[in-house]
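Asker: Fold the following.
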Amino acid sequence: MKKELLERVLCTCWWWLRRTVLTKRKRYVHSKLNSTQGRELLEDLNIKVDLVRTVPYAAREETQIDAFKWESVSDECGQEIALTEEQQRERYRAYVEDNISDELIEKQLCVIGVEKGENILTVQVRGRDIELKGRTDLLILSDIVKDNPSDVRYLPEVKLLIEVKRAVIPSSDFQALSELIALDLLVDDPVMALLTDLNGVWLFFWVSEKENDSARIHKATIQKPGFHASKNL
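Answerer: Alright, predicted model coming up:
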């Protein structure tokens, strides 16, 4: 009798264990997405990415913008060591702000650097056992957050997220896409994502359409100066 009861308990425990494993929520961390995981995410969410042709901006004197200068330091042997994006976040935040300052003032927006450890772009995907987790580098949103920086978590009037890379590689697309998807789920109004090295790479992404359980995201490559698209937010 005891043996039968033990077998029944073990059987029940095994069933619950298998059920828990099979239904475990899938988690995608924005900053850790590689190409394989990125494609898997798009497939899981039934999202297609379409490339959009762009028309170059006419060359005008006021469009000439100096590229951001990434800094390095020398070690004791005189070797140059590149500072990370995180170490230069305040510098590139100020760089972005300075180049679109008139538009920010006019539209009562500001450029905010997202603190490390603040997973402001973490969201559960409705109807699916999927969690998107992490943050981005910069956000353009209402300047009301200057009064109380912790209110950034509410993403008031957010327009654009900016993922900054010293070197943009093909798999970087998926980090920007994941962040855009999360932001789009968190807010009601249309938003965009910019993936850039603040030099010659300016890649813009936005959700173009949603239908039932599928969506399409547009990707556009803007030639220098890429700030023109940001000014039209």
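Asker: Report the rounded mean pLDDT for the biggest strand by length in the chain.
Answerer: With secondary structure taken from DSSP state E, the chain has its longest strand at strand 202-211. Averaged over strand 202-211, pLDDT sits at 93.
Asker: Show me what that strand packs onto, helices and strands only.
Answerer: Counting contacts by 3 or more CB pairs under 8 Å, 6 or more residues apart in numbering; DSSP states H and E, strand 202-211 is packed against helix 172-186, strand 192-196, strand 214-221. To be clear about C-beta, it is placed using only N, CA and C from the backbone, and glycine gets the same treatment.
Asker: Tell me which of these is the most buried.
Answerer: strand 192-196 (a mean of 25; mean count of other CB atoms under 10 Å).
Asker: can you list the residues that contact that strand?
Answerer: By CB atoms under 8 Å, 6 or more residues apart in numbering, the residues outside strand 192-196 that reach it are 136, 159-165, 168, 172-173, 175-177, 179-180, 183, 201-206, 226, 229-230, 233.
Asker: got the angle between that strand and strand 202-211?
Answerer: Strand 192-196 and strand 202-211 are oriented at 150 degrees to each other (axes from the mean of the first three to the mean of the last three CA atoms, to 10 degrees).
Asker: Quick check: the gap between residue 178 and residue 134.
Answerer: Distance of residue 178 to residue 134, given as CB to CB, to the nearest Å: 8 Å.
Asker: Find residues that contact each of the two.
Answerer: Here residue 178 and residue 134 have residue 30 as joint contacts, going by CB under 8 Å, 6+ apart.
Asker: ok, which stretches of the chain are helices?
Answerer: Per DSSP state H, the chain carries helices over the ranges 2-22, 35-44, 89-99, 101-107, 172-186, 227-231.
Asker: now the fifth one and helix 35-44, what's the angle there?
Answerer: Taking the same axes, to 10 degrees, one finds helix 172-186 and helix 35-44 inclined to each other by 30 degrees.
Asker: The residue nearest the centre of the chain: what's it in contact with?
Answerer: For the chain, the residue nearest the mean C-alpha position is residue 179 (3.0 Å; CA atoms, centre = their mean). Each residue near residue 179 by CB under 8 Å, 6+ apart is listed here: 30, 121, 134, 135, 136, 161, 163, 193.
Asker: The second one: how many residues sit nearby?
Answerer: Residue 121 has 23 neighbours, counted by other CB atoms under 10 Å.
Asker: Then the fifth one?
Answerer: Other residues lying near residue 136 total 26 when counted by other CB under 10 Å.
Asker: Surely it touches residue 115?
Answerer: No. Between residue 136 and residue 115 there is no contact under CB atoms under 8 Å: 11.4 Å.
Asker: tell me the contacts of residue 217?
Answerer: Residue 217 makes contacts with 47, 48, 49, 50, 177, 180, 181, 205, 206, 207, 208, as judged by CB under 8 Å, 6+ apart.
Asker: Quick one, which of these are buried?
Answerer: 47, 177, 180, 181, 205, 206, 207 (16 or more other CB atoms under 10 Å).
Asker: ok, and the closest non-adjacent residue to the third one?
Answerer: The spatial neighbour of residue 180 that comes closest, neighbours along the chain excluded (CB to CB, 6 or more residues apart in numbering), is residue 193 at 3.8 Å.
Asker: Kindly provide the distance from that neighbour to residue 128.
Answerer: As judged by CB to CB, residue 193 and residue 128 stand 21 Å apart.
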